[in-house]
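>>> Quick one, fold the following:
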Amino acid sequence: MTKQNRTVIVTGAARGIGYAIAEAFKDNGDFVAIFDLNEEAAVEAAEKLGNAKGYKVNVASEESVKTAVDAIVAERGSIDVVVNNAGLQFISPVDEFPEEKWDLVVDVILKGAFLVTKHALPSMKEQKYGRIITISSGHGRRPDQYKSAYVAAKYGQIGFTNVVAMENAKYGITANSILPGPTRTELIEKQLPVLAEKDGSTVEEALNKHILGGQWLGRLLEPSEIAATAVFLASDGAAAITGEALGVTGGE
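Numbers count the residues shown, from 1 in each chain. Below is the predicted model:
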């Protein structure tokens, strides 16, 4: 029987896929801790959702993550589910990629997943129950031009998550990755004109080449479709699923 009113951390949850995931867990009867670098946006998102609380967290900072996780455990008693969703993008050819932008992308996506998981695990191990879900990407198994840091970090998330799954199976903790395909978010909308400029193409051509590509459904996915998969992986029905990288791509 699924634990009721679980405590769920969702990183980067003030908007986009993260917000949709937070909303889906709230609708499932869970309490959601919204981690976001933008404190005002996190608090507003939590107020809008209800049964949620916003936290200003820099997932690339161990001190910031530990402080927030400790506060949640003190207030709620335990952490039951973690969804590592925080991410960002920077587009550049490899030979022009600025080192500081590489570090930023990898730190937020890969180091962030590591730090939040690291500090949530003790609570999960103590209660012998936990669900860790990492939002990787279709680019965690399929590269794309100009996105070297993002692709490297997304591949890395899958490997990291699988190690977490191996180490913690004996504690009743599962860890899985979700690999979303092209999803209707602000991140993609901002990418399109940049990609078009790099290619010397139109925005529509950039959408088809870089975002949709050969995707079978031929459409952008909705954030709610990714969220539904996260809720499933956190359910009792998915208790035997661990160390998996589940594509929600629309076919590719």
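
>>> And the helices in the stretch 151-252 of the chain?
Here the stretch 151-252 of the chain has its helices, by DSSP state H, counting those that start in this stretch, at 186-199, 203-206, 223-233.

>>> most neighbours per residue, which of these?
Comparing these by mean neighbour count (mean count of other CB atoms under 10 Å), helix 223-233 ranks first with a mean of 21. For glycine as for every other residue, the C-beta is placed from the backbone atoms N, C-alpha and C.

>>> Can you give the contact residues for that helix?
The contact list for helix 223-233, computed with CB atoms under 8 Å, 6 or more residues apart in numbering, reads 16-17, 19-21, 23-25, 28, 83, 131, 133, 135, 174, 176, 178, 180, 183-185, 238, 241, 246, 248.

>>> Repeat that for stretch 108-128.
Residues from elsewhere that reach stretch 108-128 (CB under 8 Å, 6+ apart): 9, 11, 35, 59-62, 65-66, 69-70, 73, 78-80, 82, 84, 86-88, 130, 132, 134, 150, 153-154, 156-157, 160-161, 164, 168, 171-173, 175.

>>> returning to that earlier point: of the contacts of helix 223-233, keep whichever come out buried.
Buried residues within the contacts of helix 223-233, counting neighbours by 16 or more other CB atoms under 10 Å: 16-17, 19-21, 23-25, 28, 83, 131, 133, 135, 174, 176, 178, 180, 183-185, 238, 246, 248.

>>> Looking at the residues you listed, which are in strands?
Among those, DSSP state E puts 83, 131, 133, 135, 174, 176, 178, 180, 246, 248 in strands.

>>> ok, the fourth one touching residue 85?
When you say that, I think you mean residue 135. Yes - contact criterion CB atoms under 8 Å: residue 135 and residue 85 qualify, at 4.4 Å.

>>> Quickly list what's touching both of the two.
Common contacts of residue 135 and residue 85, defined by CB under 8 Å, 6+ apart, comprise 17-18, 21.

>>> Nearest the middle, which residue of this structure would you pick?
residue 85 (1.7 Å; CA atoms, centre = their mean).

>>> what's the pLDDT at that residue?
For residue 85, the model assigns a pLDDT of 98.

>>> That one and residue 20 touch, don't they?
No - using CB under 8 Å, residue 85 is not in contact with residue 20; the gap is 9.7 Å.

>>> Mutual contacts of the two, please.
Counting by CB under 8 Å, 6+ apart, residue 85 and residue 20 have no shared contacts at all.
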